[in-house]
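> just need the structure, nothing else, for what follows:
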Amino acid sequence: MTYFAPVMMIGILVFGLLIGSFLNVCIYRIPKHENITTTRSHCMSCGNVIKWYDLVPVLSYILLKGKCRNCGAKLSIQYPIIELLNGLLYGLIFAVTGLSIKSVLIAALTSALIVIAVIDWRTYEIPFGLNVFIAVLGIADIAVKLINRDFSGVLDNLIGAVSVSGFLLILFVATKGRGIGGGDIKLMAAAGLLLGWKSIILAFVTGCVLGSVIHLIRMKVSKQDHVLAFGPYLAVGIFIASLWGDRIINAYLSTFT
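Have a look, this model is predicted:
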């Protein structure tokens with residue numbers, strides 16, 4: 001038992017790196033409407049299929065010095081960054097929550113949020129399929145609660161699906177789509193179904209604060225106007241709320257007692 005926890009953590013980190021490699025595929029192919037499961041990985045420059053030994057997360061990028069083995073084209077630094085990020089976040093999730101159904105759901109949510117954040121940052125669009133995936137995680141959480149007869153928890157999930165997204169929908173209609181994007185509404189509905197109403201409100205507030213501060217800094221530094229991609233900031237808020245939501249909310253409420 002002494003060695004079980006470190007070995008398990010190493011396994012989780014490695015698994016996170018492998019999933020991170022798949023996330024890179026999703027990030028590049030989903031906006032282009034390309035198949036993410038059957039088409040083999042290939043160089044974006046020469047088109048040659050990449051061998052399995054050049055697909056080892058992080059390590060292959062280092063050994064190849066960031067270049068394609070076939071044509072020598074420079075590979076994006078995004079590959080190892082996304083792989084490392086996903087692996088480290090998986091480790092953090094299981095360190096905080098332990099090994100449970102909740103931790104598995106949060107890990108899957110986190111991977112989806114990484115893809116959403118990068119794609120929305122680049123294209124200002126959130127793929128509908130990723131929101132559906134998060135909603136499925138919410139349904140899975142509801143199913144577990146029904147099995148455990150946690151009916152109040154189920155109600156919390158259902159209210160979460162409409163508490164923030166409903167407000168954003170009203171804003172969308174009132175501004176004729178100029179105030180918020182439809183993808184953001186769907187994201188908050190799906191994430192709310194998984195997190196519940198308290199945590200999704202915290203996620204939204206956190207995302208708004210981060211978006212406001214970082215967006216103003218970007219505009220100040222570059223001295224140019226920037227279109228705000230809200231998805232990345234909402235993604236960070238959702239991640240924080242999924243992992244520490246209850247602690248943050250309880251700490252906030254304790255200030256009034």
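> domain ranges for this structure, per the record?
Domain assignment for the chain by automatic domain parsing gives 1-99, 125-257.
> to residue 115, which of those domains lies closest?
Closest of the domains of the chain to residue 115 is domain 1-99, at 4.9 Å (criterion: CB to CB). C-beta coordinates here come from the backbone N, C-alpha and C atoms, glycine included.
> report the residue spans of the stretch 101-250 of the chain with pLDDT below the cut-off.
Within the stretch 101-250 of the chain, the stretches with pLDDT under 70 are 223-226.
> hmm, back to that, now, of the domains of the chain, which is deepest in the fold?
Stretch with highest mean neighbour count among those: domain 125-257 (a mean of 17; mean count of other CB atoms under 10 Å).
> measure that one end to end?
End-to-end distance of domain 125-257 (CA to CA, to the nearest Å): 43 Å.
> for it, the distance to its chain's centre please.
Here domain 125-257 is found 11 Å from its chain centre; the criterion is CA atoms, centre = their mean, to the nearest Å.
> same thing with stretch 80-100?
Mean-position distance between stretch 80-100 and its chain equals 12 Å (CA atoms, centre = their mean).
> how far away is the spatially most central residue of the chain from residue 245?
Taking CA atoms, centre = their mean, the centroid of the chain lies closest to residue 113, which sits 1.2 Å from it. Distance of residue 113 to residue 245, given as CB to CB, to the nearest Å: 14 Å.
> returning to what we had before: OK, contacts around the residue nearest to the centre of the chain?
Contacts for residue 113 (CB atoms under 8 Å, 6 or more residues apart in numbering) come out as 235, 238, 239.
> what does residue 208 give?
Residues near residue 208 by CB under 8 Å, 6+ apart: 233, 237.
> also residue 154?
142, 145, 146.
> and what of residue 161?
138, 189, 190, 192, 193.
> follow-up on the earlier one: can I get the domains of the chain in TSV with distance to residue 118?
Listed next are these as TSV, based on distance: least, CB to CB, whole Å:
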stretch	distance to residue 118
domain 1-99	5
domain 125-257	8
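> relative to residue 109, which of the ones you listed is closest?
Among these, the nearest to residue 109 by CB to CB is domain 125-257 (5.7 Å).
> still on that earlier bit, which stretch among the domains of the chain comes nearest residue 108?
Nearest of the domains of the chain to residue 108, taken as CB to CB: domain 125-257 at 5.7 Å.
> quick check: residue 45 touching residue 71?
Yes. Using CB atoms under 8 Å, residue 45 makes contact with residue 71 at a distance of 5.5 Å.
> from the contacts of residue 154, pick the one nearest residue 55.
Closest approach between those and residue 55, by CB to CB: residue 142, at 36.2 Å.
> which SSE is immediately downstream of the helix or strand in which that closest one is found?
Using DSSP states H and E, residue 142 maps to helix 128-147. Scanning forward in sequence from helix 128-147 by DSSP H and E, the next helix or strand is helix 151-174.
> per-residue pLDDT of residue 1, please?
As predicted, residue 1 sits at a pLDDT of 41.
> before we move on, back to that, out of the contacts of residue 161, who's nearest residue 129?
residue 190 (11.0 Å).
> please report how far the closest one lies from residue 112.
Applying CB to CB, the value for residue 190 to residue 112 is 9 Å.
> again with residue 237
The spacing between residue 237 and residue 112, counted by CB to CB, is 14 Å.
> could you list every residue that touches residue 15?
Counting by CB under 8 Å, 6+ apart, residue 15 makes contact with 87, 90.
> again, only using 10 Å
When the contact criterion is CB atoms under 10 Å, 6 or more residues apart in numbering, the partners of residue 15 are 86, 87, 90, 91, 107.
> and residue 251, helix, strand or coil?
Under DSSP: H, G, I helix; E, B strand; the rest coil, residue 251 falls in the helix class.
> do you know the pLDDT at it?
pLDDT for residue 251: 92.
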